[in-house]
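S.K.: fold the stuff below for me.
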Amino acid sequence: MSESTNQSWGGRFSEPTDAFVARFTASVDFDQRMAQHDIRGSIAHATMLAGVGVLSEEERDTIIEGLKEISEEIARGEFEWSVALEDVHMNIEARLTAKIGNTGKKLHTGRSRNDQVATDIRLYLRDEIDVIDAELTRLREGMLGLAEQEADTIMPGFTHLQSAQPVTFGHHLLAWQEMVARDQDRLKDCRVRMNVLPLGAAALAGTTFPIDRHVTSELLGFDRPTENSLDSVSDRDFAIEFTSFASLLMMHLSRMSEELVLWTSAQFDFIDLPDRFCTGSSIMPQKKNPDVPELVRGKTGRVYGHLMSLLTLMKSQPLAYNKDNQEDKEPLFDTVDTVRGCLRAFADMIPAIRPKAANMYASASKGFATATDLADYLVRKGVAFRDAHEIVGKSVAFGIEQNRDLSEMTLEELRQFSDTIDADVFDVLTLEALSPRATTSVAPPRIKSVPPRSVLARHWPHAPDAPPPFSEAARRSLASGSPNHSIAARRPPDASSVEPVRPSYPSHPCGAAAGRRSSGRLWTERPAVSSGGCRCRRPARRGASRGRGCRDGFIDRHCVQACFRISRATEHERYRVFRQRRLSPLIHLRRVMPAGATSRGNDGIRGF
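M.R.: Numbers count the residues shown, from 1 in each chain. Predicted structure coming up:
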C-alpha cells in the first residue's frame, strides 16, 4: 500500500489516489452534517458487538467514551475535517483511532460503509421529519386560528380567477389547512416506511459475525431491521418519497403564495402583510414587496428539480450499492433545508395576516356573485334549474348593460325576466345571505362550529395534545382512572440514552402487550386511526375490548394503536414463516456459516 493511499481500503493499491480524484470523490464537505447520527449509530453498533461477544465490555466502554468526546468536539466546532479521508464516517473513525489506539479499529467489525451510510441517512431524515412535522402542526394551528377569527369576513370566491360566489376568508383558510393536513399525512406515512434498520447488511451480503440486528434496531429506535441485504444498502426509496412529499407540500405553499401576492397587490388589496415579511425597492420608495411568498413560490421549482434528480439517479442502478448514491445527499439535504425554511416563514407569517374586510366585501359585491343564489331561489319556487339558469343569465346581461348588480335592481326589473320572483328575492341577493348554504360541514358559516383544536384532533396523531373526539360517556370512562387507557407511543432514544437493555411493555385495552416480539423483532408503528374501530384479532378479547374501549360510537385511539401493533406483528410473523419455509430455497444462495457462528435472522445468511 502506498503511503498516500487511504488506509481504510488501500491495501490492494500500488499508487496513491490522484489529488483531483480525491477531491472529486470526497463527500465530507456536505455529509458531515450527519456526524452526530453517525456517532449514534456507532455507539449502538459497539453496544451490540459487546453484547454478542465480538468486543469486550472494556473495549465497548472505551469506544463509546471516545465517540462521545468526538461528538463534543464537533459540537464545539473544533473537529478538523479532512478531504483525504473522503467522508464523515472515515473522518470520525480516524479520529477515534487516534484518540484510543487500535481499539478504535475494531468498531467497523461486522459493518461496511454501505450499510453505515444507509443507516445514517435514515437517522438524519427521521429527525428532520419530526422537526418538519412539528412545523406543519404549527402552520395548521395558525391557519385554524385565523380562520376562526375571520369566520364572518366575506370575500369573493373565484373560479378561473373570476368572481364566482361569495365565501368567507375563514373558509378559504380552511381550504389551505386541508392541503397541509394531507401533506402531513403523507409525511407520517413516509416516516413509517423509512424507519427500518439497514445496519448489518454490510457491503451487500451480510456478515459472518453473529450480530444481533434486533438489538441495534431497538437501540436506535427503528421499528425493525430490513429484510434483504442487497436492498438494504441500495434502497433510496425513502429519500425519493420524502422529496415527493416535499414537492407536493411546496406546490401547495406555492398556490397559497400566489394568492398572497395577488391579495397584497393594489388591484386586489385584500390583505396586509406585516413589514417584517416584506422588503422595499432600491428606486421606488412606495414599494412594499411580498418577498417571502414570492421566494417560497420560486423555491418550489428547486424542490421539483431535486425530486427529478433523485429519480434519475436511481433509475439505472443495478443491485447493490454504487458510487452514484453519493449524489443522493445534496438534493436531499437541500430539500430538507428548503422545506424547513419555507414552513417556518409561513408558520410565522400566516397568523400575522391582516385582512381588509371592507375591500373584500366590496369586491364580493361585484361580478354578480349571488347569481347562483338567485337560480337556487327560482328552483325552490318550482322553476326547473335549466330554465332558472337562463332567467338569471338574462338578468345578468341586463345588469351588465345597466352597470348594476342583481341586488341593486328593483323588483319590477327582476320580474320582467320571471313572474315567479317576489319581494323575498332580496333575502338571497345580499352577501349576508350565505347562511342558507350552511347545510353541510363544508359551508363557510359552519367554521365557528368547528373549533380549531378539534379539527387537528380529527387528524390524530398530528396533534397529540388535542383531546380525541370522544363522546361524553367515553370521556367519563377514560376519566375513571382505568390504567389500560394510558398507553403512549414509544419515542426513539437519544444518543446519550443508548443502553443495551430491552424495554418492558404495558398492557392495552384488549389484554395483550403494547409491544410484541416476533422472532426477536419489536413492532412499534404509529398507525392512523381508521373508522373500523379496534383491530385486535384475538376473538376471545374482542367483545371485551369493544365493550370497554369502543362503545357509544367512538373509537378508543389508544386501543386501536396497541391492537394495530399486535396485528401487524402477527401478519409479519406469518409472512416470515411462509418465506422461510417455502421461498428461501428459491430466492437465496445459502452460504456455509463458519463453525460456531449463529444467526438470529430470517434466512441464516450472514447475520440476516
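
S.K.: what's in contact with stretch 297-313?
M.R.: 236, 239-240, 243-244, 246-247, 250-251, 253-254, 257-258, 261, 324-325, 327-328, 331-332, 334-335, 338-339, 342 (CB atoms under 8 Å, 6 or more residues apart in numbering). (Each C-beta comes from the backbone N, C-alpha and C, glycine too.)

S.K.: take these and keep only those in helices.
M.R.: 239-240, 243-244, 246-247, 250-251, 253-254, 257-258, 261, 331-332, 334-335, 338-339, 342 (DSSP state H).

S.K.: lowest-pLDDT helix or strand in this structure?
M.R.: Lowest on mean pLDDT, DSSP states H and E among the helices and strands of the chain sits strand 521-522, with a mean of 32.

S.K.: so what's residue 165 up against?
M.R.: For residue 165, counting by CB under 8 Å, 6+ apart, the contacting residues are 156, 157, 369, 370, 372, 373.

S.K.: could you look up the SS state of it?
M.R.: strand (DSSP: H, G, I helix; E, B strand; the rest coil).

S.K.: quick check: it vs residue 432, distance?
M.R.: Relative to residue 432, residue 165 is positioned 14 Å away (criterion: CB to CB, to the nearest Å).

S.K.: list the helices and strands the helix ranked longest in the chain packs on?
M.R.: The helix that spans the most residues within the chain, counting by DSSP H, is helix 113-149. Under the contact definition 3 or more CB pairs under 8 Å, 6 or more residues apart in numbering; DSSP states H and E, helix 113-149 sits against helix 35-51, helix 88-100, helix 169-194, strand 196-197, helix 229-234, helix 237-264, helix 329-349, helix 452-457.

S.K.: repeat the analysis, applying 7 Å as the threshold.
M.R.: Packing contacts for helix 113-149, counted by 3 or more CB pairs under 7 Å, 6 or more residues apart in numbering; DSSP states H and E, involve helix 35-51, helix 88-100, helix 169-194, helix 229-234, helix 237-264, helix 329-349, helix 452-457.

S.K.: in PDB, list the C-alpha atoms belonging to the following helix or strand past that helix.
M.R.: Following helix 113-149 in sequence order, the next helix or strand is strand 154-159 (DSSP states H and E). Provided in PDB are the C-alpha atoms of strand 154-159 (Å, rounded to 0.1, in the frame of the first residue of the first chain):
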ATOM      1  CA  ILE A 154     -67.000  37.900   3.400                       C
ATOM      2  CA  MET A 155     -64.800  37.700   0.300                       C
ATOM      3  CA  PRO A 156     -65.300  36.700  -3.300                       C
ATOM      4  CA  GLY A 157     -64.700  33.000  -4.200                       C
ATOM      5  CA  PHE A 158     -63.000  32.600  -7.500                       C
ATOM      6  CA  THR A 159     -63.100  30.100 -10.400                       C
END
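
S.K.: strand 154-159: partners in the sheet, and parallel or antiparallel?
M.R.: Strand 154-159 sits in its sheet next to strand 162-168 (antiparallel), going by DSSP bridges.

S.K.: buried ones in the strand it pairs with?
M.R.: 163, 164, 165, 166, 167, 168 (16 or more other CB atoms under 10 Å).

S.K.: tell me the angle of the longest helix of the chain relative to strand 162-168?
M.R.: Counting by axes from the mean of the first three to the mean of the last three CA atoms, to 10 degrees, helix 113-149 points 80 degrees away from the direction of strand 162-168.

S.K.: before we move on, the earlier item: list only buried entries from the ones in helices among the contacts of stretch 297-313.
M.R.: Buried subset of the ones in helices among the contacts of stretch 297-313 (neighbour count, 16+ other CB under 10 Å): 239-240, 243-244, 246-247, 250, 253-254, 257, 261, 331-332, 334-335, 338-339, 342.

S.K.: just give me the neighbour total for residue 304.
M.R.: Per other CB atoms under 10 Å, the neighbour tally for residue 304 reads 16.
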